[in-house]
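Visitor: Sharing a model that was predicted from the sequence below.
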Amino acid sequence: MATVAPTPARVASPGFISRLEAWPTVTSFIVLVGGWELIGRSLNQPFFPPLSSVLNELAINQAEIMAALGTSLTNLVLGFIVSVVFGVGLGLLMGAFRKLDAALDIYINALLTAPSLVFAPIFFAIWGLERWSIVAVIFMYSTWIMVVNTVTAVRTVSPEMLEMGRAFNAPRIKTWTRIVLPAATPLIMAGIRLATGRAVKGMLNGEMFIAIVGLGKLVKDGSGRFDASLVLAILVVIIVVAFIALWVVGWVDARLTRWLPKTSR
Amino acid sequence: MIEIKGVSKAFPGRKGSEPVQALKDVDLIVRDNEFLTVLGPSGCGKTTLLRVIAGLVPHDTGTVLVDGKPVTGPGPERAMVFQSFALMPWDNVLTNVAFGLEMQGVDKKTRELKALELIEMVGLGGFEKRLPGELSGGMQQRVGLARALAVSPKVLLMDEPFGALDEQTRRLLQEELLRIWEATRTTVVFITHSMEEAVLLGDRVVLMRPRPGRIDQILDIPMTRPRSTHLDSVESSGEFTAMVGLLWNNLRAMHSDVRRARQAGQAAATKP
Amino acid sequence: MSLVRRVLDSSALYRLIALAIFATIWQLATLSHKSMLIPTFTDTMAAIPKLLIPGYSGDESAKLWDALYQSNGALLIGFAISVALGVPFGLLIGRFRTIERFANLYISILLVTPMAAVIPLLVMSLGVRDGAMPTRVILIVLFAIVMLIVNSRAGIRQIDPSLIEMARCFGAGELSIWRRILLPGSLPAIMTGVRLGLGRAITGMVIIELLFIAVGLGNLIQKYDAQLDGARLYALIIIVVFEALVLIQAVRWLERRVTPWRKTTSFGR
Ligand SMILES: Nc1ncnc2c1ncn2[C@@H]1O[C@H](COP(=O)(O)OP(=O)(O)OP(=O)(O)O)[C@@H](O)[C@H]1O
Ligand SMILES: [Mg+2]
């Protein structure tokens, strides 16, 4: 009925960490490392240095990178926490109150599909170069997907389950805590997983574009000096950060949704 | 005629556990023009047996001959009806029914004519342009049946075809199937969970037992044909009741064997 | 009575109310805290026709349409390439697990890599001359392709295996299975991928122009930003968001057209 019904983002859910199988992944990793080194050496171009010189760069700038990483991670964690609280919270409210959902769904979808970075000037105008500008960018990147997934999660709780609750005279609060929330958890977690990747991107983009700090600053510096080794070194760090963040979220997800049959993961 | 001799089939178990012996030394002859029903507890290898006959899974040992020719893969002389209907949701009834002929390379006009004929036969005339999603479960399985019959198979393989239907719809389809079968006399291998269905439809019942999956016994069903015209009186006959009772006694014994084996296994596992 | 009911039940009413509340807050906040960079709601709305309608306010709209043309050119080509490469690859790894096992690591990396960090390298290697069309196209592909791969793969995976079994049973070969089962069966998911990929491509387009290659819409945003012309800046942002929404609605429409067998979603009863 609703023409802009938010799409549950399950299809593209990058639950890939759990999908990585040991041996093929190790093989792919070796091919990646070896290929990078070989192509980098034989190409001999400033814009694609071999892996060894990237790692070397990483070692040289270790202190600076660690400091920047600290700044970036603080931004990331702050922004992500705000997003999860707000995103899941709003999603639950919209799931509970149809009229609120009707009022907001197209705007949430607009925010989800719009390039989040175009809102950067707004944050800059409000917070200037402060940390909150970056937190706001992270928020814009990661919140809306959680809202959409949470609404869908609540709406797709099976009617039979709700009926069962009613049959046992469960009060509304209990219906929510004992039936709706547990049943909605898998899809909510799928939203949080998607949001994790987006948050990391928001962090970097915010740091590169608004307040020049953290890893974003290093990337910007590196590219300003045409120092591809430094840029790639930071990129490697960011990918590792993203993988760890996703692994943590996946771990929490697995704990919370133990009851799911294996095949539906 | 289908001749199955010494057929075994094992599936690799999950990591760390033993392989599952789904079929072990199965011997069975399905006669021409026979309606054979297969009954047994869940997991006793009924589906596996049917898939082996269909040529969908290779068997480990033994031989499967259909009219003297060994089965190496699916063939046009065998057609299958699926429990989940397996209709293509994007194609209308006509295209779904014509699918088997399409795969055989029959030209569009001929296959659609044939498909229309079968749609009529299963009582779906007028619905040929509908999509499966717009049909009830019973109607969907009629499409599945028409699709199988459209290729004029020598053997019809049916895996719990009415298992997903409600009682009344199932009853109508049983009647329909018997009526069609009495007219065509295609060889049928029909898997079911229902003792009543096995007796009502079959000439013989194959009773299977689990772990490893094998044939327990084969029973002749005494009731005469044709039955489609008076299913109710068939069901209230003494022969029918006695037959169902006999099957249930056998199955109950099997179930308690299974339970005893499980308890023994548990006891062994808890011992230090 | 029933008319009242229908009005009260319609989403449009609540959407309008939400919009009105938002606009009021915006207007009041900007009126009470005057700021160079944040215009009032009414000023922003007034700026939209100036930017959009030719001849309404000098040659301003010409600039916008030029920018739209420039940006969307790269978007169109980049997105077409993404679909042409991403969909077949996704379908292939969905069907053949062995390839997938080896590709998974690379797909994972592609999924989490912030493209903004890759852009400088590509700009370095490919250059930014002549509006940098090839550079922009490649970047848009990098942004969008992973969505198409991942969704096409999911499309193949969620096909009912009994359909494939059925086809094999009736003598279908691999080619027929692709044509009659796998392609139609994965079409809905492919279209989801097209929609999500388009969103990413638009994001990519804006980021590239905003951060690295000052052309098209991004360039215009930067210019209004630098001129402290808040009303035009926000009008432009609204136009960009609106374009994204229109394109995505178009894909949704196409999605419904090409997959008519899909049950209409019961969402939002
Ligand atoms: N593809 C497979 N891989 C692994 N094990 C399988 C596979 N197919 C069947 N099995 C196992 O083989 C045994 C027999 O399965 P089968 O499906 O033939 O039983 P069934 O009699 O049809 O059961 P049901 O009545 O529940 O349909 C079961 O233990 C099952 O777990
Ligand atoms: Mg079975």
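Guide: Alright, I've got the coordinates. Ligands and ions are numbered 1, 2, ... in the order given.
Visitor: how about the nearest residue to B:Pro19 once chain neighbours are set aside, what does it touch?
Guide: Nearest non-adjacent residue to B:Pro19, counting by Cβ to Cβ, 6 or more residues apart in numbering or on different chains: B:Ala10, 4.5 Å away. For glycine as for every other residue, the C-beta is placed from the backbone atoms N, C-alpha and C. Going by Cβ atoms under 8 Å, 6 or more residues apart in numbering or on different chains, B:Ala10 touches B:19-22, B:60.
Visitor: Mind telling me the two of these farthest from one another?
Guide: Pairwise distances across those (Cβ to Cβ) peak at 12.1 Å, for the pair B:Val20 and B:Asp60.
Visitor: Mind checking which of the contacts of B:Ala10 are in strands?
Guide: Mapping the contacts of B:Ala10 onto strands (DSSP state E) picks out B:20-22.
Visitor: In TSV, list these along with pLDDT, neighbour count and distance to C:Gly230.
Guide: Output for those, formatted as TSV (pLDDT from 0 to 100; neighbours: other Cβ atoms under 10 Å in any protein chain shown; distance: Cβ to Cβ, whole Å):
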residue	pLDDT	neighbour count	distance to C:Gly230
B:Val20	83	17	70
B:Gln21	84	19	76
B:Ala22	83	26	72
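Visitor: How are the helices of the stretch 151-272 of chain B distributed by residue range?
Guide: For the stretch 151-272 of chain B, helices defined by DSSP state H, counting those that start in this stretch occupy the ranges B:167-184, B:195-201, B:231-235, B:238-270.
Visitor: which one of those lies closest to C:Glu209?
Guide: helix B:167-184 (60.5 Å).
Visitor: what residues does that closest one touch?
Guide: By Cβ under 8 Å, 6+ apart, helix B:167-184 touches B:35, B:121-123, B:136-138, B:141-142, B:145, B:149, B:161-162, B:165, B:188, B:197, B:200-201, B:225-228, B:231.
Visitor: quick one: average confidence on stretch B:68-75?
Guide: Averaged over stretch B:68-75, pLDDT sits at 86.
Visitor: ugh, typo on my part, it should be stretch C:259-269
Guide: When pLDDT is averaged along stretch C:259-269, the result is 51.
Visitor: gap between A:Val231 and A:Ala63?
Guide: 18 Å (Cβ to Cβ, to the nearest Å).
Visitor: if we can go back for a sec, assumed the residue nearest to B:Pro19 was part of a helix.
Guide: No - counting by DSSP: H, G, I helix; E, B strand; the rest coil, B:Ala10 falls outside a helix, being strand.
Visitor: hmm, back to that, which of the contacts of helix B:167-184 are buried? Put it as a PyMOL command.
Guide: The buried residues among the contacts of helix B:167-184 can be selected in PyMOL (16 or more other Cβ atoms under 10 Å in any protein chain shown) with this line:
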select buried, chain B and resi 35+121+122+123+138+141+142+145+149+161+162+165+188+197+200+201+227+228
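Visitor: before we move on, back to that, beta partners for the residue nearest to B:Pro19?
Guide: B:Gln21 (DSSP bridges).
Visitor: picking that back up, compare A:Val231 and A:Ala63 and say which one has the larger neighbour count.
Guide: For A:Val231 versus A:Ala63, neighbours defined as other Cβ atoms under 10 Å in any protein chain shown are more numerous around A:Val231 (28 against 8).
Visitor: The more buried one reaches C:Leu122, doesn't it?
Guide: No - between A:Val231 and C:Leu122 there is no contact under Cβ atoms under 8 Å: 10.6 Å.
Visitor: where does the stretch 151-269 of chain C come near chain A, residue by residue?
Guide: Proximity of the stretch 151-269 of chain C to chain A is confined to C:151, C:154-155, C:189, C:192-193, C:195-196, C:199, C:202-203, C:205-207, C:210-211, C:221, C:225, C:230, C:233-234, C:237, C:240-241, C:244-245, C:248-249, C:252, C:264-265, C:267-269 under the rule Cβ under 8 Å from any Cβ of the partner chain.
Visitor: Run a quick neighbour tally on residue 224.
Guide: By default, I'm working from chain A. A:Gly224 sits with 10 neighbouring residues when counted by other Cβ under 10 Å.
Visitor: other chain: chain B
Guide: B:Thr224 has 8 neighbours, counted by other Cβ under 10 Å.
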